[in-house]
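Asker: Whatever this is, show me its structure:
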Amino acid sequence: MTNRGYAVLQVNYRGSTGFGLKFFNAGNNEYGRGMQQDLYDAVQWAIDQKIVDPKRIASMGGSGGGFATLCALEMRPNLFACGVDVVGPSDQAANFRPFPVAGLS
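Answerer: From the prediction side, this is the model:
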């Protein structure tokens, strides 16, 4: 996308891999919460640095990033002009329903 003139910001939100176990575990129970705030903070940083036009910001992600995109469009509609969700779950209850819970049957 950068070779087409777009500024690209890839956020290493809490819970991302490659930064150690403590950073990874900081994402526990933060899906759609603290992880989401990390995305908003990164976007605000890009705005403050004058890297982006605040009226032309898009979010794009796949899987968990797609979920973050859907959350961003719902939770901060004034911050994002559009979003692209690539196979992100739109219904978390339906997403986790097939998985068994230990001790319950």
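
Asker: Could you list every helix and strand that the helix of greatest length in the chain packs against?
Answerer: In the chain, assigned by DSSP state H, the helix with the most residues is helix 34-48. The contact analysis (3 or more C-beta pairs under 8 Å, 6 or more residues apart in numbering; DSSP states H and E) places helix 34-48 against helix 64-75. In short, each C-beta sits where N, CA and C put it, glycine included.

Asker: which parts of the helix or strand following the helix it packs on are buried?
Answerer: Heading C-terminal from helix 64-75, the first helix or strand you meet, by DSSP states H and E, is strand 82-86. Under the neighbour-count criterion of 16 or more other C-beta atoms under 10 Å, strand 82-86 has 83, 85 buried.

Asker: Format the CA atom coordinates belonging to the following helix or strand past strand 82-86 as CSV.
Answerer: Using DSSP H and E, the helix or strand that follows strand 82-86 in sequence is helix 92-96. The C-alpha trace of helix 92-96 is given here as CSV (Å, rounded to 0.1, in the frame of the first residue of the first chain):
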residue,chain,number,x,y,z
GLN,A,92,-17.8,-13.2,19.4
ALA,A,93,-20.4,-15.4,21.2
ALA,A,94,-20.9,-17.3,17.9
ASN,A,95,-17.2,-17.4,17.3
PHE,A,96,-16.4,-19.1,20.6
